[in-house]
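Enquirer: quick one, fold the following:
(2 chains)
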Number of protein chains: 2
Amino acid sequence: VKIGIVGTGIVGTTLGDKLVSLGHEVVMGSRSAGNEKAVAWAAAAGERAGEGSFADAAAFAEEVVVNAAAGSASLEALGQAGAANLSGKILIDVANPLDFSAGFPPTLTVSNTDSLGEQIQREFPRTKVVKAFNTMTALVMVQPSLVPGSHVVFVAGNDAGAKTTVGGLIESFGWQRESIIDLGDISASRGLEMFLTLWVRLYAMFDRAPFNIAVPCA
Amino acid sequence: VKIGIVGTGIVGTTLGDKLVSLGHEVVMGSRSAGNEKAVAWAAAAGERAGEGSFADAAAFAEEVVVNAAAGSASLEALGQAGAANLSGKILIDVANPLDFSAGFPPTLTVSNTDSLGEQIQREFPRTKVVKAFNTMTALVMVQPSLVPGSHVVFVAGNDAGAKTTVGGLIESFGWQRESIIDLGDISASRGLEMFLTLWVRLYAMFDRAPFNIAVPCA
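Expert: Next comes the predicted model:
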């Protein structure tokens, strides 16, 4: 199906490659159509890959748009994508509101009593926001077998049907259904985003990014 | 050895029971000596168990004091325990700065750019604060086999020797050495405490508390 991606960083291109490889058509959206990175990605990714503005990507999407912009840039990028182009569609929000302005480790630009996922949902009330994938590095999102053993991917959002659709997409990436944990409504984005503060310390400790968490329960 | 516990809630008494069962002498500290819960605990826990004020518990400790007070009450309780009684000793901080004043799920009273662990370390610079155990329910702390498979316990603190001592205590509780993850200095308390925002959502989803996280890495 036709999917739009907002943001041309490593997360956006990694997800774009996977979606194209699964047979989807993908438009990679940038601030301006013709962005060098997006053009290079689309050329390399083949005939089902295209590029354009944020609005082009959102308008192209039949049902699913991915927010892979930087957390600090997400609300502006989605504003440029346009509420009308996002209306009625599912927005998979994989972004994290990280603030690197004081170096490493980063802090969060929003946390505790609010989250980026909630901010996006409030800003685009006609869009079905599903927080997903933000708790791991990009390569693990599309290649879960990279991490040994069982480990999990969280989804959170207000629309059950949207979470079912996103769950299907996640399964198509190679995740087992039992590894997909539905944490409830979009306010669970707080915990999912605040986990990044632990993630960056784990990253520093392991000195590499392909790890993930499992949640064994008695 | 002689250990003091600050706080008579479920965490304090669960840890106290385990420590007594391992042969340690434990004084359970309350706001005032003679606290009903502490007296009942000490009577049930046997001859190696005692009770007293926060200051009594801290003064009794040879090397290790446990902060098992509520997060919102920790700084005041430790102030009553007394800087002199804590000086030169290891303080295992298992508390979480949860604010339930607006109901469930709780928010944090401190987060993002600071943490309770750091606040305590700043307030008691001559004490070696080690954040540990705060990412799981009390029963899992002392009975890790309750949760299936491998799962982890984090430690963070500025003093390497203190973390080694705490690691030995953790191992004596039944944890494998490779399950103890050292996240670095006390500022890692931010991530460990902010994880609670995800923990409470996992708790709501599982509808029970004996779970924990594993961190498989490629």
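Enquirer: burial of A:Leu86, as a residue count?
Expert: 28 (other C-beta atoms under 10 Å in any protein chain shown). Every C-beta, even on glycine, is put in place using the N, C-alpha and C of the backbone.
Enquirer: excluding its backbone neighbours, what's nearest it?
Expert: With sequence-adjacent residues excluded and distances taken as C-beta to C-beta, 6 or more residues apart in numbering or on different chains, A:Leu86 is closest to A:Thr127, at 4.4 Å.
Enquirer: who's in contact with the one you found?
Expert: Counting by C-beta atoms under 8 Å, 6 or more residues apart in numbering or on different chains, A:Thr127 makes contact with A:Val65, A:Ala83, A:Leu86, A:Ser87, A:Gly88, A:Lys89, A:Ile90, A:Leu91, A:Ile120, A:Gln121.
Enquirer: where exactly do the helices run in chain A?
Expert: A:10-21, A:36-45, A:54-60, A:74-81, A:83-86, A:116-123, A:138-142, A:160-172, A:189-206 (DSSP state H).
Enquirer: run through who's touching the fourth one.
Expert: The reference is to helix A:74-81. A:4, A:6-7, A:29, A:31, A:53-55, A:57-58, A:65, A:67, A:69, A:86, A:91, A:93, A:95, A:97, A:116, A:119-120, A:123-124.
Enquirer: flag every buried residue along it.
Expert: A:Ser74, A:Leu75, A:Ala77, A:Leu78, A:Gln80, A:Ala81 (16 or more other C-beta atoms under 10 Å in any protein chain shown).
Enquirer: so where's chain A uncertain?
Expert: For chain A, no stretch is flagged by pLDDT under 70.
Enquirer: give me the residue at the spatial middle of it.
Expert: A:Val94 (2.2 Å; C-alpha atoms, centre = their mean).
Enquirer: name the nearest residue to that one, ignoring sequence neighbours.
Expert: Nearest in space to A:Val94, with sequence neighbours left out and distances taken as C-beta to C-beta, 6+ apart, is A:Phe133 at 4.3 Å.
Enquirer: count the neighbours of the closest residue to A:Val129 other than its chain neighbours for me.
Expert: Distances taken as C-beta to C-beta, 6+ apart put A:Gln121 closest to A:Val129, at 4.3 Å, once the chain neighbours are dropped. For A:Gln121, the number of neighbouring residues by other C-beta under 10 Å comes to 24.
Enquirer: wait, what's in contact with A:Gln121?
Expert: A:Gln121 touches A:Thr127, A:Val129, A:Gly157, A:Asn158, A:Ile186, counting by C-beta under 8 Å, 6+ apart.
Enquirer: quick one: A:Val200 from chain B, how far?
Expert: 7 Å (C-beta to the nearest C-beta, to the nearest Å).
Enquirer: count the residues that sit near the nearest residue to that residue once chain neighbours are set aside.
Expert: Spatial nearest neighbour of A:Val200, excluding adjacent residues (C-beta to C-beta, 6+ apart): A:Pro105 at 4.5 Å. Residues contacting A:Pro105 under the criterion other C-beta under 10 Å number 19.
Enquirer: okay but A:Pro105 is in contact with A:Ala204, surely?
Expert: Yes. With contacts counted by C-beta atoms under 8 Å, A:Pro105 reaches A:Ala204, the gap being 7.2 Å.
Enquirer: now A:Asp17: closest residue in space that isn't a chain neighbour?
Expert: Among residues not flanking A:Asp17 along the chain, A:Ala45 sits closest, at 6.0 Å (C-beta to C-beta, 6+ apart).
Enquirer: ditto for A:Ala61
Expert: A:Gly4 (3.7 Å).
Enquirer: run through the bridge partners of the one you found.
Expert: Under the criterion DSSP bridges, A:Gly4 forms beta bridges with A:Val27, A:Val65.
Enquirer: first-to-last residue distance for stretch A:203-218?
Expert: End-to-end distance of stretch A:203-218 (C-alpha to C-alpha, to the nearest Å): 27 Å.
Enquirer: tell me the spacing between A:Ala70 and A:Ile186.
Expert: The spacing between A:Ala70 and A:Ile186, counted by C-beta to C-beta, to the nearest Å, is 20 Å.
Enquirer: what do you get for A:Trp199?
Expert: 20 Å.
Enquirer: swap in A:Pro148?
Expert: 31 Å.
Enquirer: which of those two has more neighbours?
Expert: A:Ile186 (24 against 11).
Enquirer: my read: the more buried one touches A:Ala132, true?
Expert: No. Using C-beta under 8 Å as the test, A:Ile186 is too far from A:Ala132 to be in contact (11.2 Å).
Enquirer: shared neighbours, these two?
Expert: By C-beta under 8 Å, 6+ apart, the residues touching both A:Ile186 and A:Ala132 are A:Ala156.
Enquirer: residues touching A:Met194, list them.
Expert: Contacts of A:Met194 (C-beta under 8 Å, 6+ apart): A:Leu108, A:Ser111, A:Asn112, A:Ser115, B:Ser111, B:Met194, B:Phe195, B:Thr197, B:Leu198.
Enquirer: I misspoke; the intended subject was A:Lys18.
Expert: By C-beta under 8 Å, 6+ apart, the neighbours of A:Lys18 are A:Met141, A:Val142, A:Phe173.
Enquirer: for the first one, which non-adjacent residue is closest in space?
Expert: Read it as A:Met141. In space, A:Met141 is closest to A:Phe133, 4.8 Å off (C-beta to C-beta, 6+ apart).
Enquirer: the one you found: neighbouring residues, count only.
Expert: 26.
Enquirer: distance of it relative to A:Asp93?
Expert: As judged by C-beta to C-beta, A:Phe133 and A:Asp93 stand 9 Å apart.
Enquirer: and if you look at A:Ile10?
Expert: For A:Ile10, the distance to A:Asp93 - C-beta to C-beta - is 17 Å.
Enquirer: now swap in A:Val65 and tell me
Expert: Distance from A:Val65 to A:Asp93, by C-beta to C-beta: 10 Å.
Enquirer: so between the two, which is more surrounded?
Expert: A:Asp93 (35 against 28).
Enquirer: these two touch, right, the more buried one and A:Val129?
Expert: Yes. Using C-beta under 8 Å, A:Asp93 makes contact with A:Val129 at a distance of 5.6 Å.
Enquirer: what comes up buried for stretch A:144-164?
Expert: Within stretch A:144-164, the residues that qualify as buried by neighbour count (16+ other C-beta under 10 Å) are A:144, A:146-147, A:150-159, A:162-163.
Enquirer: keeping just the C-alphas, turn that stretch into PDB.
Expert: Output of stretch A:144-164 as PDB, limited to C-alpha atoms (Å, rounded to 0.1, in the frame of the first residue of the first chain):
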ATOM      1  CA  PRO A 144      14.200  -8.000  15.300                       C
ATOM      2  CA  SER A 145      16.200 -11.200  15.000                       C
ATOM      3  CA  LEU A 146      19.300  -9.100  15.300                       C
ATOM      4  CA  VAL A 147      18.700  -9.100  19.100                       C
ATOM      5  CA  PRO A 148      18.900 -12.600  20.700                       C
ATOM      6  CA  GLY A 149      16.000 -14.100  22.500                       C
ATOM      7  CA  SER A 150      12.500 -12.600  22.900                       C
ATOM      8  CA  HIS A 151      12.200  -8.900  23.200                       C
ATOM      9  CA  VAL A 152       9.300  -6.500  22.800                       C
ATOM     10  CA  VAL A 153       7.900  -3.600  20.800                       C
ATOM     11  CA  PHE A 154       5.300  -1.400  22.400                       C
ATOM     12  CA  VAL A 155       2.300   0.300  20.800                       C
ATOM     13  CA  ALA A 156       0.100   3.000  22.400                       C
ATOM     14  CA  GLY A 157      -2.800   4.900  21.000                       C
ATOM     15  CA  ASN A 158      -6.400   5.900  21.400                       C
ATOM     16  CA  ASP A 159      -7.700   4.000  18.400                       C
ATOM     17  CA  ALA A 160      -7.900   0.200  18.800                       C
ATOM     18  CA  GLY A 161      -8.300  -0.400  15.000                       C
ATOM     19  CA  ALA A 162      -5.300   1.700  14.300                       C
ATOM     20  CA  LYS A 163      -3.200  -0.300  16.700                       C
ATOM     21  CA  THR A 164      -4.400  -3.500  15.100                       C
END
